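>>> sharing a model that was predicted from the sequence below.
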Amino acid sequence: QLGIVDSIAVFVGQRVEREMAARQRAEAASAALQVSEANYRGLFESSAVAVLVLDRAGAVLDANAAAGHLLNRPPASLAGMALSNLLGPETALKLLSASSQDKWRDSYITLKAMNGSEVYLEPALTVIGAEQERPVIQLLLRDVTDEQHRQAGLRTYASYIIRAQEEERKRIAQELHDETVQSLVLLCRQLDAIQSASSGLPASASEGLTDVRRSAERVIEWLRDFARDLRPS
């Protein structure tokens, strides 16, 4: 009987030890999870980038302060709202479709601000807990309005530079045609007049005048081709 009691005591003791160890591991995991959630919450709230947490249907589960500022609403009031009501049905559909395929084709989306101006947003989507029964979507909306305006300014400046270059090329081509080429044409006519008036010139001198005229004609053709190539298409 004492042996049986000892065996039962050992079995019960081992089981209690296992349960205590399991409880300690669970408590440690729970504490680590709480720390992780607190860290995430701190980053979530302090982030300068607007963050929306959505369910798969596109309803807002949570929003940080930056999202409230961007959408001009208190963050708490965004909970339960449909993404389509915040960003428009077409944009919401594209975002939710992209989230299931882990891709977003467009570089940015646009949103109308309260003052009527357009805000450019760069979205980034992450599906959290995809292997779970109820995964959620984390949507980051980074404001890239200033970047878009800078790029538009650079495009305008580049267009201005190209237009100025084309105007200068056009001016040079016009001057070559109207002044240089016409002067050479006049030179050819003067050479013709000299050759016609000097019938008694030696053969070598007459041939020299003919060669000079041909050289002038070649220069005229070269300048015309050059002026034509200078003109913008």
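Yep, it's here.
>>> and the helices in this structure, which stretches?
2-46, 65-71, 83-87, 89-101, 145-175, 182-197, 203-230 (DSSP state H).
>>> as JSON lines, the ones you listed with mean neighbour count and mean pLDDT would be great.
Glycine gets a C-beta too; all of them are placed from N, C-alpha and C. Converted to JSON lines, these look like this (neighbours: other CB atoms under 10 Å; pLDDT from 0 to 100):
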{"stretch": "helix 2-46", "mean neighbour count": "10", "mean pLDDT": "69"}
{"stretch": "helix 65-71", "mean neighbour count": "19", "mean pLDDT": "87"}
{"stretch": "helix 83-87", "mean neighbour count": "19", "mean pLDDT": "88"}
{"stretch": "helix 89-101", "mean neighbour count": "15", "mean pLDDT": "77"}
{"stretch": "helix 145-175", "mean neighbour count": "12", "mean pLDDT": "88"}
{"stretch": "helix 182-197", "mean neighbour count": "13", "mean pLDDT": "86"}
{"stretch": "helix 203-230", "mean neighbour count": "13", "mean pLDDT": "86"}
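>>> out of those, which gets nearest to I109?
Of all the helices of the chain, helix 89-101 sits nearest to I109, with 5.3 Å by CB to CB.
>>> then that closest one to CSV, C-alphas only?
Extracted C-alpha coordinates of helix 89-101, given in CSV (Å, rounded to 0.1, in the frame of the first residue of the first chain):
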residue,chain,number,x,y,z
PRO,A,89,-15.7,52.9,-54.2
GLU,A,90,-13.3,52.4,-57.1
THR,A,91,-10.1,53.1,-55.1
ALA,A,92,-11.3,50.9,-52.2
LEU,A,93,-12.1,48.0,-54.6
LYS,A,94,-8.7,48.2,-56.2
LEU,A,95,-6.9,48.3,-52.8
LEU,A,96,-8.8,45.4,-51.4
SER,A,97,-8.3,43.4,-54.6
ALA,A,98,-4.6,44.2,-54.5
SER,A,99,-4.3,43.1,-50.9
SER,A,100,-5.5,39.6,-51.7
GLN,A,101,-2.8,39.3,-54.5
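>>> what's in contact with it?
54, 56, 58, 82-84, 86-87, 104-106, 109, 123, 125, 127, 137, 139 (CB atoms under 8 Å, 6 or more residues apart in numbering).
>>> just the buried ones from these, in ChimeraX syntax?
The buried residues among the contacts of helix 89-101 can be selected in ChimeraX (16 or more other CB atoms under 10 Å) with this line:
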select :54,58,83,84,86,87,104,109,123,125,137,139
